[in-house]
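Student: coords please:
(2 chains)
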Amino acid sequence: MRARYAYTLTIAILAGIVVAFAFDENRTVSVLSFSLRYAVPLILAAMVGIICERSGIINIGIEGQMLMSAFAGFFGAAITGNLILGTMIGVGTGMIMGAFLATGAVTWKMDQIIAGVIINIIATGLTSFFYSQGYVLPAITPKLRIPVLADIPLLGPVLFDNGLFTYAALLTAVLLWVLLFKTIWGLRTRSVGEKPGSADTSGINVQRTRFWNVTLAGGLAGLAGAYLSIEAASTFERGLTAGRGFTALAIMIFGAWNPIGALGAALFFGLANGLASQLQADEVIDIPQQFINMLPYILTIVLLAIVSGRVKPPAAIGKPYEKE
Amino acid sequence: MPSYDPTGTPVLEARGITKRFPGVVANNNVSLTIHKGQIVGLLGENGAGKSTLVKMIYGLYEPDEGEILMNGSQITLKGPRDAIRRGIGMVHQHFQLVPVFTVAENVILGDEPHKSVFVNMKKATAEVARLSEEYRLKVDVNAKVEDLPVGAQQRVEILKALYRKAEILIMDEPTAVLTPQETDELLKVMRGFADNGVAVIFITHKLREVLALADTIEVLRGGEVVGTTTPAETDQAGLAQMMVGRSVLLRVEKKPAMPKDVVLDVQDLNVGGGLSLPAVSDVSFSVKAGEIVGIAGVEGNGQRELVEALTGLRKYEATSVMINGSDALGLNPHDVHDLGVGHVPEDREKDGVVGQYSIADNMVLNRFDEKEFASKGVRNSKAVNNLATELVEDYDVRTPSIQTSAQSLSGGNKQKVVIARELAADPRLLIASQPTRGVDVGSIEFIHSQIVKARDGGAGVLLISAELDEVMGLSDRILVMYDGRVVAELDGDGADRNRIGRLMAGGEDTHPSSTYSA
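Tutor: Okay, here's the model as predicted:
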């Protein structure tokens, strides 16, 4: 049933896009490009949530992990004068933050919510305290236009003329789906998140699996953070992530802990924001900017209200694993 | 006829194993020897150290002292992975299966057939299907485990061990969840493993089964081996005595029932089962004062829902429910209690005691607001403590004090607290669900005698138990529940175990000759 709703909704949206494209090429492409860019950090952050929760660990600290990485990535790039190095610093910072959560929630068996909240508080504190003005990036991030594919009408300019982060996000979602459902790692990870006792007695090291998954997922949060400061905003400001880490958790749930589902949910989210911004810019609707800015949060609440109780999270999330 | 060679090198030997946990010595100098093709029954009460011992053999714990030898050479097990690699398999008491995975996925987990990093699901499915065929462990390999009945889930657990080429198979209380027929079937399967050269360690506290199956029986008590014997040398009474350390009455002694007025009358009771099928359908029966009515049935056939409905914990529909002559239709738990109903819930941890409360407080959970224990909203601690002291003594609750928190008690002692509380209120109707679950043999004897005493004192008793022996031993009348319905009513005296077993499994009600060997 759920799958059919998602299917119908997707078809309806795609049909709507084609119709819009027939009416106004430029605007449609611009709205869709905006939507995709808006979705990039949400996709990546939702994947962080999926990896962690599929392993049985609630990661409410994605927001903080992204914020720290956005900070480190931006200043790393600005100081070294190298965007790639900056991005790598961002990813590395994300992994350190991931390891931080893993140490608290897995090794020390802390309450997972509290461990996540600590990360968020530390990230807000540190990035605000060390923030300083006057740094600029050495360059703007280049776009990678994929020849031939980029010339396809509608699809080309939207999908195949983007920054590297965008491709990385889309690939990550598809790759994660394959990893989760087709590989040994995926089977074991899911078993650890569903029934760690079963994994343990099957000879799988529950603690180690959880620790590394949470740590590596932090790297993706780092990539999302680096995208925000290095490509999207080209600068760092206090509170740059603006709740995207939490929105990503809603997207993860809406996507039923499935990478492809979450990818679709993130794109839907992006589209809603893209449309709202365009309508605002065209002065079709006269709504104060503040209300437009509220949209992601309202949408989050609405989506969660719709799906809550209909999708089942991994059975073991939130519980530290104790051998009986 | 033993199928093994007792003179050869044992496939597994545990020598002088000691394992301590904070405050307890779980295993003290325990030794165990098993040969290829041999079935060793490990018998003991809860907390005797059976599970601890096999967990060390399976690598889940490391022994503090002693050594484990395989085929004559010493081994150290770093974890289950190590044990599996060496051919030790274990079927856990609480199934260790991932509910949302398919049968095949569960079986291969941890040892997946693969092409590079990818799981080769096709090969996995074929391999599991082949094993299922070969060992006659029938199960749909593509079904999700959560959709399977417990019997089938257990077959998946066994397949999991066989898939890992287990030469030593540890079965931890495998029959606890099975119907008598399934149990018979499993015992045959286990004998088949032994015939194929597998060494089987069979943990149980059911005397009948260990006598029927094991080649040798090792009895543990208080973490020590108190005896090693064979079925030929002993009988149920002998084993029970070894387990408990004193002679135990296995049969409940009771006089014929003297039924009087009806205390519970239920007509056409129905309980919805959430999203799925109804949990209880059109159940009608009555219980008289002075009789014990037992409900036999495999768990999950509506017994829990029926009890929850009758005690006011669950919504239901019925033509009528009369308790002690009063209309009790749709009453809340408090009002049901006020009609003179005592309730021993099946899950004592969750519904029976408040773990953080003292034993004294737990003893008045059902009556704390009555005049005797509170006046004008103020508690009468003295009365509460007096009652608790008296009950702790009468029911032999082993505790340092009545102010000890209930959660620090052992399962058997918690259950005694529940039974004491419910019987102290002098109920006209006692609804007892799984009253001896997870309770050791000595306490079972005591609890049973208390239930019979309540009956003789004029209470009506509705007894619900997954243990067929318990239902048969105590009941004056037996109702069999299957799939939410009462499918048969039998006289308690001389009830045929096989017939009830068949009814519990949804079979036809016929009377073929007994095939059970015990």
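
Student: give me the domain ranges for chain B.
Tutor: With domains defined by automatic domain parsing, chain B comprises B:12-244, B:262-354+B:425-504.

Student: against which helices or strands is whichever helix or strand residue B:321 is part of packed?
Tutor: When elements are assigned from DSSP states H and E, residue B:321 belongs to strand B:320-323. On a contact count with 3 or more C-beta pairs under 8 Å, 6 or more residues apart in numbering or on different chains; DSSP states H and E, strand B:320-323 meets strand B:262-271. Where you see a C-beta, it was placed from the backbone N, CA and C, and this is true even at glycine.

Student: what packs against the strand it packs on?
Tutor: Contact partners of strand B:262-271 among helices and strands, from 3+ C-beta pairs under 8 Å, 6+ apart: strand B:280-288, helix B:303-310, strand B:320-323, strand B:460-465.

Student: can I get these in a markdown table with mean neighbour count and mean pLDDT?
Tutor: What follows is the helices and strands packed on strand B:262-271, written out as a markdown table (neighbours: other C-beta atoms under 10 Å in any protein chain shown; pLDDT from 0 to 100):
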| stretch | mean neighbour count | mean pLDDT |
| --- | --- | --- |
| strand B:280-288 | 19 | 93 |
| helix B:303-310 | 24 | 92 |
| strand B:320-323 | 19 | 93 |
| strand B:460-465 | 26 | 94 |
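
Student: got CSV for these, with distance to residue B:35 too?
Tutor: Formatted as CSV, the helices and strands packed on strand B:262-271 follow (distance: least, C-beta to C-beta, whole Å):
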stretch, distance to residue B:35
strand B:280-288, 49
helix B:303-310, 42
strand B:320-323, 58
strand B:460-465, 37
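
Student: among those, which is nearest residue B:357?
Tutor: Of all the helices and strands packed on strand B:262-271, it is helix B:303-310 that lies closest to residue B:357, at 22.4 Å by C-beta to C-beta.

Student: could you tell me the angle between the closest one and strand B:262-271?
Tutor: With axes from the mean of the first three to the mean of the last three C-alpha atoms, to 10 degrees applied, the angle from helix B:303-310 to strand B:262-271 works out at 110 degrees.

Student: which residues sit against helix B:303-310?
Tutor: Here helix B:303-310 makes contact (C-beta atoms under 8 Å, 6 or more residues apart in numbering or on different chains) with B:264, B:266, B:269, B:271, B:273, B:279-280, B:283, B:295, B:297, B:314-316, B:318, B:321, B:336, B:341, B:343, B:345-346, B:431, B:433, B:462, B:464, B:481, B:484.

Student: which ChimeraX command selects the buried ones in those?
Tutor: To isolate the buried ones among the contacts of helix B:303-310 in ChimeraX, judged by 16 or more other C-beta atoms under 10 Å in any protein chain shown, type:
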select /B:264,266,269,271,279,280,283,295,297,314,316,318,321,336,341,343,345,346,431,433,462,464,481,484
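
Student: mind jotting down where the strands sit in the stretch 1-150 of chain A?
Tutor: In the stretch 1-150 of chain A, the strands defined using DSSP state E, counting those that start in this stretch lie at A:143-145.

Student: quick one on the thing from earlier: can you tell which of the helices and strands packed on strand B:262-271 is closest to residue B:258?
Tutor: Nearest to residue B:258, of all these, is strand B:280-288, at 9.3 Å by C-beta to C-beta.

Student: strands paired with the helix or strand just after that closest one, and their directions?
Tutor: Of the helices and strands lying after strand B:280-288 in sequence (DSSP H and E), the nearest is strand B:292-296. Note on strand B:292-296: by DSSP bridges, its sheet partners are strand B:460-465 (parallel), strand B:477-482 (parallel).

Student: distance from the first one to the middle of the chain?
Tutor: Just to be clear, that refers to strand B:460-465. 17 Å (C-alpha atoms, centre = their mean, to the nearest Å).

Student: if we can go back for a sec, residues contacting the strand holding residue B:321, please?
Tutor: Residues contacting strand B:320-323 (C-beta under 8 Å, 6+ apart): B:262-267, B:269, B:310, B:327-329, B:336, B:339-341, B:428-429.

Student: swap the cut-off to 10 Å and go again
Tutor: With contacts defined as C-beta atoms under 10 Å, 6 or more residues apart in numbering or on different chains, strand B:320-323 is touched by B:262-269, B:284, B:286-287, B:309-310, B:327-331, B:335-336, B:338-341, B:428-429, B:460.

Student: how about stretch B:254-263?
Tutor: The contact list for stretch B:254-263 (C-beta under 10 Å, 6+ apart) reads B:286-293, B:322-325, B:339-341, B:427-430, B:448-449, B:451-453, B:455-456, B:458-462, B:473-477, B:492-493.

Student: drop anything exposed from those residues.
Tutor: When the contacts of stretch B:254-263 are checked for burial by 16+ other C-beta under 10 Å, the buried set is B:286-293, B:322-324, B:339-341, B:427-430, B:448, B:451-452, B:455, B:459-462, B:473-477, B:492.

Student: residue B:179 contacts residue B:480, correct?
Tutor: No: in this structure, residue B:179 is not within contact of residue B:480 by C-beta atoms under 10 Å, at 11.2 Å.

Student: overlap in contacts of the two?
Tutor: Common neighbours of residue B:179 and residue B:480, using C-beta under 10 Å, 6+ apart, are B:296-297, B:468, B:500-504, B:506.

Student: mind checking which of those residues are in strands?
Tutor: Members of these lying in strands (criterion: DSSP state E): residue B:296.

Student: tell me who's in contact with the nearest residue to residue B:461 once chain neighbours are set aside.
Tutor: Distances taken as C-beta to C-beta, 6 or more residues apart in numbering or on different chains put residue B:292 closest to residue B:461, at 4.2 Å, once the chain neighbours are dropped. Residues near residue B:292 by C-beta under 10 Å, 6+ apart: B:252, B:254, B:257, B:259, B:430, B:432, B:451-452, B:454-455, B:459-463, B:471, B:473-478, B:492.

Student: not counting sequence-adjacent ones, nearest residue to the closest residue to chain B within the stretch 1-150 of chain A?
Tutor: Proximity of the stretch 1-150 of chain A to chain B (C-beta to the nearest C-beta) peaks at residue A:54, 11.4 Å away. Take residue A:54 and drop its neighbours on the chain: the residue closest to it by C-beta to C-beta, 6+ apart is residue A:193, 4.6 Å away.
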